[in-house]
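Engineer: Curious how this folds, go ahead:
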Amino acid sequence: MADRLRYATCAEPGCPEVVKTTYCDDCRRTKDRTFKAAAPERRKVYESKRWRAIRRRILRRDPFCVCDRDCCPNGCQELSTVVDHVIDIVAGGAPFELANLRGMAKRCHDRKTARDVWHAG
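Structural biologist: A predicted model of the protein is given here:
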């Protein structure tokens, strides 16, 4: 049996475009520009001595991935290799606040980042 393509409305609120993927080309380009525009600010944080010290502290505090249940419904037992901002810096999260940071496995962090970037309203 041939695969049937599913069409839906673009996931960007207010966009009427019908697409085969999550976002239409215009909305995807807008999201890409918004994400890339914040890159210099993020780079300043991640290249600082303060960040390197906090990163080590968080990875010691959270040696195993502290991902949410949406990512790993059965629990994640992978080692933390990445420090995640629970509330992204771009969304107003405090870059150095310990309560806003958690250790995660790279695979889980990549999933969370993709959700944050592509599914933000």
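Engineer: Can you tell me, leaving aside adjacent residues, what's nearest to residue 80?
Structural biologist: Distances taken as CB to CB, 6 or more residues apart in numbering place residue 103 nearest to residue 80, at 3.0 Å, with adjacent residues excluded. Any C-beta I mention is one placed from the backbone N, CA and C, and that applies to glycine too.
Engineer: isn't there a strand covering that neighbour?
Structural biologist: Yes - Residue 103: assigned to a strand according to DSSP: H, G, I helix; E, B strand; the rest coil.
Engineer: Enumerate every residue touching it.
Structural biologist: 58, 59, 61, 62, 63, 64, 65, 66, 80, 82, 83, 84 (CB atoms under 8 Å, 6 or more residues apart in numbering).
Engineer: residues near the fourth one, how many?
Structural biologist: Counted with other CB atoms under 10 Å, the neighbours of residue 62 add up to 17.
Engineer: Now it. Nearest residue, chain neighbours left out?
Structural biologist: In space, residue 62 is closest to residue 103, 3.1 Å off (CB to CB, 6+ apart).
Engineer: Look up which residues are beta-bridged to the one you found.
Structural biologist: residue 83 (DSSP bridges).
Engineer: okay, it: pLDDT?
Structural biologist: Looking at residue 103, its pLDDT reads 96.
Engineer: ok, now how distant is it from residue 75?
Structural biologist: As for residue 103, its distance to residue 75 is 15 Å (criterion: CB to CB, to the nearest Å).
Engineer: quick one on the thing from earlier: now the residue nearest to residue 62: how far from residue 56?
Structural biologist: According to CB to CB, residue 103 and residue 56 sit 11 Å apart.
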